[in-house]
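J.: Okay, sequence plus prediction incoming.
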Amino acid sequence: MGKLFSLDSPVMRFLSRMADIMILNILVLITCIPVITIGASFTAMHYVLIKMIRNEESYIVKMYFKSFKENFIQATILWIIILLAGLVFVGDYYVFVKSGQEFSLVFMLAVLVIDILFMMTAMYVFPLQARFYNSIGRTLKNSFLIMIANFPRSILMLILYLLPVALLLLSPMATPFLIMFGVAAPGLGAAYLYRKIFSKIEPEPEEVTSDMDFKVDMEGVETEEDAVDEAADEASDEPSEAVESEDDPVI
């Protein structure tokens, strides 16, 4: 019985991880309240989650606000771009449903597909911002290319992120659970899915000696865009294996 509750036991490690996720989730919700800070909040969340699955996390709060501060400007710009694009799609929905006009089924399906591709692309933006130094344009481009090259995995990630929304719609009583785990828990599942992708596109395995060494500077990496483009082209033939080979994209 003593071994069951020792600090190194699987039960205690699981409970400790749940506590970390709950703390992280509450941090994200609090820092998202101003709305304009959502991009920095999601970037900081993924920074902590990536460290967590690499077993490199230390102080959750300290790591979170370190990334929040360092990525605030670029993550906020990325968030504004995503928000504006999202508002366009919401406007499309309003026109389809509320305008009273009739639209062809093919046109509405095409808009729906674009909306889904947009959401799946947005899922990679803040993890990439958390992990790699890059320009805003290249981060957006690479998010799209990685989504295409890993399409089945991207669909699983989208399902993970939509589960809390579905749970809330099915039962408002789930609200307390979502406040504790509704953002960070799906993010952790997504981190396990994109972890292998990121490990493939890093220029070389690096030893992380401190938080300051964690982000990978991709400036000066030769043929970085060509390599990602090549991965996206290969995905059109073998989408499920595009980033499983040894010649995976380098951002």
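T.: Good, I have the coordinates.

J.: got any ranges where the stretch 151-251 of the chain has weak pLDDT?
T.: The model of the stretch 151-251 of the chain has pLDDT under 70 over residues 203-251.

J.: What segments of it are strands?
T.: 216-217 (DSSP state E, counting those that start in this stretch).

J.: now the helices for it?
T.: Per DSSP state H, counting those that start in this stretch, the stretch 151-251 of the chain carries helices over the ranges 151-170, 175-181, 184-201, 224-235.

J.: and residue 56, what element?
T.: Of the helices and strands defined by DSSP states H and E, none includes residue 56.

J.: what's the neighbour count on it?
T.: Counted by other C-beta atoms under 10 Å, the residues lying close to residue 56 total 13. Where C-beta positions appear, they are placed from N, C-alpha and C, glycine not excepted.

J.: for residue 102, same thing?
T.: 6.

J.: Also residue 175?
T.: Using other C-beta under 10 Å, residue 175 has 12 other residues around it.

J.: these two touch, right, it and residue 168?
T.: Yes: if you go by C-beta atoms under 8 Å, residue 175 and residue 168 touch, sitting 6.8 Å apart.

J.: gap between the closest residue to residue 89 other than its chain neighbours and residue 57?
T.: Spatial nearest neighbour of residue 89, chain neighbours left out: residue 115 (5.0 Å); criterion: C-beta to C-beta, 6 or more residues apart in numbering. Distance of residue 115 to residue 57, computed by C-beta to C-beta, to the nearest Å: 34 Å.

J.: now do residue 25
T.: 15 Å.

J.: Same question for residue 128.
T.: Residue 128 is 20 Å from residue 57, by C-beta to C-beta.

J.: Looking at those two, which one has more neighbours?
T.: More neighbours surround residue 128 than the other of residue 128 and residue 57, with 24 against 18 (other C-beta under 10 Å).

J.: what about that one, which helix or strand?
T.: helix 105-131.

J.: packing partners for the helix or strand following that helix?
T.: Sequence order places strand 132-133 as the next helix or strand after helix 105-131, per DSSP H and E. For strand 132-133, the elements it packs on are strand 216-217, judged by 3 or more C-beta pairs under 8 Å, 6 or more residues apart in numbering; DSSP states H and E.
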